[in-house]
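> Got a predicted model here, sequence first, then my questions.
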Amino acid sequence: MRNIKLTRYFFNRPTLLVARELLGKFLIRRVGHRVIAGIITETEAYCGPNDLASHASRGKTKRTEIMFGPPGHAYVYLIYGMYHCFNIVTERENYPAAVLIRAVSVERLGFSKNLRSPNSLRTTHYELQPIINGPVKLCRYFQIDRALKQEDLTA
């Protein structure tokens, strides 16, 4: 499997389009020597200053300033003072928009018989495991916290 990072151009497009096209993409995080990966299965779009569900609907604040920055950066924030949520900034600078990553199907390295040759040795493959549903569970699983706020995901 070859990992290709998404470019700034990918995120510098309409938020609804980015949210749809993130579905099926891998979310990969390296923590020390460990790699955590999953396929994005659910997203939520926050489209600009007129989207009342968006944190940026009340204007630019210290909390939301990242949403006004360049696309492709992480917007990580706390809810209820203790749980993290992970978003990716989209569209042009000074236009506050982002996509919340809500759920992933987790990839785990597994083993199975090679179906082409019944007498062959076992071969590694990726198998889908249960879905990590909910932005808080996702952040816990991927060990995402505010230390990643403003991280350039295209670098």
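Perfect, thanks for sending it.
> By mean pLDDT, which helix or strand of this protein comes out lowest?
Lowest on mean pLDDT, DSSP states H and E among the helices and strands of the chain sits strand 122-133, with a mean of 60.
> buried set for the next helix or strand after that one?
Past strand 122-133, further along toward the C-terminus, the next helix or strand under DSSP states H and E is helix 135-142. Neighbour counts using 16 or more other Cβ atoms under 10 Å place 135-136, 138-139, 142 of helix 135-142 among the buried residues. All C-beta spots, glycine's among them, are computed from the backbone N, C-alpha and C.
> pLDDT for those - can I get that in JSON lines?
What follows is those, written out as JSON lines (pLDDT from 0 to 100):
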{"residue": "135", "pLDDT": "95"}
{"residue": "136", "pLDDT": "95"}
{"residue": "138", "pLDDT": "95"}
{"residue": "139", "pLDDT": "95"}
{"residue": "142", "pLDDT": "94"}
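> Name the nearest of the residues you listed relative to residue 29.
The nearest member of the buried residues of helix 135-142 to residue 29, counting by Cβ to Cβ, is residue 142 at 4.8 Å.
> contacting residues around the spatially closest residue to that closest one that is not a sequence neighbour?
Spatially, and ignoring its direct neighbours in sequence, residue 142 is nearest to residue 29 (4.8 Å; Cβ to Cβ, 6 or more residues apart in numbering). For residue 29, the set of contacting residues under the criterion of Cβ atoms under 8 Å, 6 or more residues apart in numbering consists of 35-37, 142-144.
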